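A.B. asks: No letters, just coordinates:
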């Protein structure tokens with residue numbers, strides 16, 4: 001697959017701008033695919049052949065936009081906000097002066113012209129440049145509306161300033177509208193500044209992630225400590241992490257032990273104990289112990305970098321509802337221009353005197369109030385805030401379409417091991433026999449199992465540590481494949497194995513123990529008999545423990561009208577036991593990876609389907625599902641195949657994802673409703689629909705104010721998502 005090229009773009013002011021650039025880039029031979037994101041001011045390009053970066057940059061600049069290759073998204077957002085703030089302050093100062101001189105001091109028109117000209121042609125130049133560029137490429141956007149509307153008011157006033165007698169001779173009072181053109185640009189700049197400020201806040205999650213990694217760290221070379229830039233580290237370097245410092249890079253603890261606060265990455269509040277051989281993640285906070293970390297991943301391979309990329313990538317994809325808004329914005333402007341021209345002629349032909357002035361005011365009012373700012377911001381702002389909120393909660397949403405589709409979920413298909421269960425073998429129960437205690441039975445089993453590489457040995461080791469069981473010498477150890485293990489402990493033959501191994505001795509097990517053995521086996525536990533010489537010590541039960549939250553998650557999904565299904569490669573008995581435990585009625589067992597993907601596709605035909613998994617065998621079904629959700633502690637392949645990652649593997653975040661999706665789509669619908677209603681109601685009023693009956697008309701300055709309020713209300717409504725807490 002061709003490597004993607006990311007290009008930051010400066011000068012975009014609305015969704016129509018992004019659509020124009022995207023269309024131009026996709027028409028370029030050599031570009032397989034181009035996506036332009038307005039909120040992030042960035043294009044992602046997939047080359048179809050060897051493509052020179054300069055060639056793409058020249059195309060973007062030729063359209064009328066600039067490219068800033070030196071800064072990241074957060075810096076660009078802050079830079080844009082600062083520039084808009086400065087422009088607004090200067091423009092507001094000059095516009096206020098125009099208003100004062102025109103309304104109270106009655107200054108000559110030439111003074112008003114000198115005050116308004118910088119606003120129109122310097123602070124408003126961003127609108128005119130974009131409009132001219134659109135005209136060059138036979139397209140129009142909201143900048144076209146602003147440019148045409150303010151220019152009409154300004155040049156009409158300019159004509160009045162130097163040739164007032166021409167207008168007066170026609171019976172029209174020579175009135176200038178420098179105050180209107182200046183205030184329109186000022187109010188739009190204010191709206192842009194407020195929007196920019198709000199959008200900058202949505203980058204906080206990304207900015208915080210960037211700041212997690214320290215800029216410098218201490219490297220150990222030839223027994224010497226050297227402070228070096230973190231980005232100069234190489235795989236295999238030994239990095240010293242002192243108490244209280246942030247872990248500089250992903251790696252493995254080579255020396256020392258400590259507790260590490262991983263909450264910024266995983267959302268887990270409790271510090272995690274780290275000792276030699278344990279993995280640590282760059283950006284997490286070291287506790288009171290000093291550790292030496294051997295670097296294992298650098299650059300783009302680090303967990304922190306991948307998290308940042310996931311959050312950023314979520315901003316680049318467009319949900320279907322957003323694509324609809326973009327298409328509407330693309331055809332909206334030409335229609336509005338035609339309506340404004342129609343308003344001009346209607347007022348000029350049928351309106352009251354002075355007809356030319358009234359016609360021009362109506363023309364300008366329609367253009368200004370129809371600016372599709374709110375429409376362009378309705379979806380991307382909500383998506384940006386939502387993905388940022390998700391990241392804070394440990395829900396990494398990799399594309400916006402997944403966020404939208406999740407809202408309509410009908411089925412959730414769960415993998416069993418590592419998803420509904422913890423994916424780790426634990427000693428889930430014991431049943432001592434005769435006069436033997438649990439500790440005595442554990443002592444024999446632990447000392448036998450520590451000689452083997454069986455998965456049960458780790459579970460026994462942890463239990464033995466809890467009981468403080470001492471290690472004993474084991475002689476003549478032997479593993480019996482498929483049955484168990486044996487060895488001599490303190491001169492006595494000891495065994496740990498299955499019922500078949502015990503029956504080979506010719507002995508008969510107590511019927512009560514046989515019953516318990518089979519009952520737990522049917523309940524998806526793995527029973528292990530322990531005996532010493534001729535005496536049975538009891539049974540140990542091992543199982544993959546069901547996640548504490550699994551039952552609650554299934555119940556909440558059911559209450560939301562979503563059916564849960566389990567798919568596993570386990571036996572029928574194991575599948576049935578777990579499904580009964582968590583409350584799932586429908587399950588599939590002994591399913592291979594390709595069969596799992598086919599089952600997912602069958603459910604997709606019936607409704608929107610989420611697949612939740614964690615292993616390599618889940619990758620095909622995660623990729624096939626409408627929405628693939630990977631457990632954060634799963635394999636890299638599963639995570640790469642999924643649309644959403646639940647960090648730290650907390651299944652209850654799946655419910656939060658669905659609720660966040662529903663809330664986000666509600667906000668988007670509200671945004672689109674208000675954006676459309678605003679234009680549907682505003683344009684006729686600006687046209688003059690209320691004038692014949694009520695004598696009410698909308699002057700340009702009030703149209704600009706109304707347009708700004710509409711845009712800010714959409715952004716503010718989207719920011720409500722920041723308070724999502726479910």
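C.D. replies: Right, received. Where do you want to start? The structure displayed is predicted, hence computed values, not measured ones.
A.B. asks: Could you pull up phi and psi at residue 302?
C.D. replies: Backbone torsions of residue 302, given as degrees, to the nearest 10, read phi -70, psi 150.
A.B. asks: mind checking pLDDT for it?
C.D. replies: What the model reports for residue 302 is a pLDDT of 84.
A.B. asks: out of everything not next to it in sequence, what's closest to it?
C.D. replies: residue 250 (4.7 Å; Cβ to Cβ, 6 or more residues apart in numbering). C-beta: built from backbone N, CA, C; applies to glycine.
A.B. asks: so who does residue 417 touch?
C.D. replies: Neighbour list for residue 417: 423, 544, 568, 570, 614-615 [criterion: Cβ atoms under 8 Å, 6 or more residues apart in numbering].
A.B. asks: could you redo the last one with a cut-off of 7 Å?
C.D. replies: 423, 544, 568 (Cβ atoms under 7 Å, 6 or more residues apart in numbering).
A.B. asks: The residue nearest to residue 302 reaches residue 296, doesn't it?
C.D. replies: Yes. Between residue 250 and residue 296 there is a contact under Cβ atoms under 7 Å: 5.7 Å.
A.B. asks: Now do the shared contacts for the two.
C.D. replies: With Cβ under 7 Å, 6+ apart, residue 250 and residue 296 have no common neighbours.
A.B. asks: who's more crowded, these two?
C.D. replies: Neighbours per residue (other Cβ atoms under 10 Å) separate residue 250 from residue 296, with residue 250 holding more: 23 against 16.
A.B. asks: about what we covered before: any idea of the pLDDT on the residue nearest to residue 302?
C.D. replies: At residue 250, pLDDT is 91.
A.B. asks: so who does it touch?
C.D. replies: 281-282, 296-297, 302-303.
A.B. asks: Please tell me which one of those residues counts the most neighbours.
C.D. replies: Neighbour tally across the contacts of residue 250 (other Cβ under 10 Å): the maximum, 26 neighbours, falls on residue 282.
A.B. asks: and it, which of the three is it?
C.D. replies: coil (DSSP: H, G, I helix; E, B strand; the rest coil).
A.B. asks: just for the stretch 401-550 of the chain, where's the confidence low?
C.D. replies: Confidence mapping of the stretch 401-550 of the chain against pLDDT under 70 gives the ranges 453-455, 481-482, 524.
A.B. asks: And the helices in it?
C.D. replies: For the stretch 401-550 of the chain, the helices defined by DSSP state H, counting those that start in this stretch occupy 438-449, 455-467, 499-503, 511-522, 550-559.
A.B. asks: wait, what's in contact with the residue nearest to residue 721 when sequence neighbours are not counted?
C.D. replies: Nearest non-adjacent residue to residue 721, counting by Cβ to Cβ, 6+ apart: residue 385, 4.4 Å away. Counting by Cβ under 7 Å, 6+ apart, residue 385 touches 202, 718-719, 721-722.
A.B. asks: so residue 254 makes contact with residue 292?
C.D. replies: Yes. Using Cβ under 7 Å, residue 254 is in contact with residue 292, at 4.8 Å.
A.B. asks: which residues do these two both contact?
C.D. replies: In terms of Cβ under 7 Å, 6+ apart, residue 254 and residue 292 are both contacted by the residues residue 238.
A.B. asks: Scan this protein for its longest helix.
C.D. replies: Ranked by number of residues, the top helix in the chain under DSSP state H is helix 653-687.
A.B. asks: Okay, buried residues for it please.
C.D. replies: The neighbour-count check on helix 653-687 (16 or more other Cβ atoms under 10 Å) flags 653-665, 667-668, 670-672, 674-675, 678-679, 682-683, 685-687 as buried.
A.B. asks: Secondary structure element holding residue 190?
C.D. replies: Taking DSSP states H and E as the criterion, residue 190 maps to helix 178-201.
A.B. asks: Residue 462: neighbour count?
C.D. replies: Around residue 462 there are 12 other residues, counting by other Cβ under 10 Å.
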